[in-house]
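Undergrad: could you look at this predicted model? Sequence included:
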Amino acid sequence: MAITEAIVLAGGLGTRLRSAVPDLPKCMAPVNGKPFIGYVMAHLQKQGITHIIFSLGYLHDAFEGYLQENLPVNSYTIVVEKEPLGTGGAIAFAMQSARTNRQVVVNGDSIFTSDIIAQSGFHEQRNATCTLALKAMHHFDRYGVVETDSNGRITRFREKQAYEKGLINAGVYIINRESFQQIPFPEKFSFETDYLQRYYPEGTIYGIEQEGYFIDIGIPEDYERAQKELR
């Protein structure tokens, strides 16, 4: 069954990028004349996504005009957090506007040009509740490492530190809405800590290694790199 709906988390404050982009939410930071979120949207559309739920917060007005100009009216929904809910709370809040049971969830300030269709098929084959796209990295210290067994079931999340190589969580998730909503989360919670790290031992959270271009513009150095690499 094809996946057609996405949630884009775009409500962050972007404090680390404030020096480079002081007046915009970081997802709207211009990259070669186009807001970064435009690259995220284009990739989702290429992967067959026809409805996008944008979870907004900080400076949300800056998004709304851009979306009106660049997306058909019925192809997106905007939800606005009145106060920051954390990554998990933002996902749960956005899911209230979902039309399907399965969504791909991505961050609006990073992009991984992975194969979402293949990830969704993997997710379905394993009857997973959540499947992460994993990216192989070398010589890094900005990300933690995700370990899996031979079937892709996640067996460990390792903390951020200096690694020679490893698989990182690239921030692209396939989630079963009904399973996720059955968990009695508080209104504000962290998706990574309170969901992934807490519930992976139950054996229904998987990861699939994928190829693709990856960048996170959360710090000024990578924002400058995006100017050279994204077209």
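TA: Here it is on my side, so go on. All figures in this text were calculated on a predicted structure; none of them were measured in a lab.
Undergrad: helices or strands up against the worst-scoring helix or strand of the chain on mean pLDDT?
TA: Using mean pLDDT, DSSP states H and E, helix 61-70 stands out as the lowest-scoring helix or strand of the chain, at a mean of 89. Taking 3 or more CB pairs under 8 Å, 6 or more residues apart in numbering; DSSP states H and E as contact, the helices and strands that helix 61-70 lies on are helix 36-46, strand 51-56, strand 76-80. For every residue, glycine as well, the C-beta is placed using N, CA and C.
Undergrad: using PDB, write down the CA coordinates of the first one.
TA: What follows is the C-alpha trace of helix 36-46 in PDB, where atoms were taken according to Å, rounded to 0.1, in the frame of the first residue of the first chain:
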ATOM      1  CA  PHE A  36      15.000  25.300   2.500                       C
ATOM      2  CA  ILE A  37      11.600  23.800   3.100                       C
ATOM      3  CA  GLY A  38      11.000  24.000  -0.700                       C
ATOM      4  CA  TYR A  39      13.700  21.300  -1.200                       C
ATOM      5  CA  VAL A  40      12.000  19.100   1.500                       C
ATOM      6  CA  MET A  41       8.600  19.500  -0.200                       C
ATOM      7  CA  ALA A  42      10.000  18.700  -3.600                       C
ATOM      8  CA  HIS A  43      11.600  15.500  -2.400                       C
ATOM      9  CA  LEU A  44       8.400  14.400  -0.700                       C
ATOM     10  CA  GLN A  45       6.400  15.000  -3.900                       C
ATOM     11  CA  LYS A  46       8.800  13.000  -5.900                       C
END
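Undergrad: list the contacts of the residue most central in space within the chain.
TA: The centre of the chain sits closest to residue 106, judged by CA atoms, centre = their mean, with a distance of 1.9 Å. In this structure, residue 106 makes contact with 6, 7, 8, 9, 40, 44, 112, 171, 172, 173, judged by CB atoms under 8 Å, 6 or more residues apart in numbering.
Undergrad: which of the residues you listed sit farthest apart?
TA: Distance extremes for those: the farthest pair is 7 and 112 at 15.2 Å, using CB to CB.
Undergrad: who has more neighbours out of these two?
TA: Taking other CB atoms under 10 Å, residue 7 and residue 112 do not tie; residue 7 has more neighbours (27 against 24).
Undergrad: mind listing the residues bridging to the residue nearest to the centre of the chain?
TA: residue 8, residue 172 (DSSP bridges).
Undergrad: before we move on, what's the pLDDT of it?
TA: With respect to pLDDT, residue 106 scores 98.
Undergrad: look up how far residue 9 lies from it.
TA: As for residue 106, its distance to residue 9 is 7 Å (criterion: CB to CB, to the nearest Å).
Undergrad: and residue 204, what is it in contact with?
TA: Remark: with contacts taken as CB under 8 Å, 6+ apart, residue 204 is in contact with 127, 128, 129, 130, 179.
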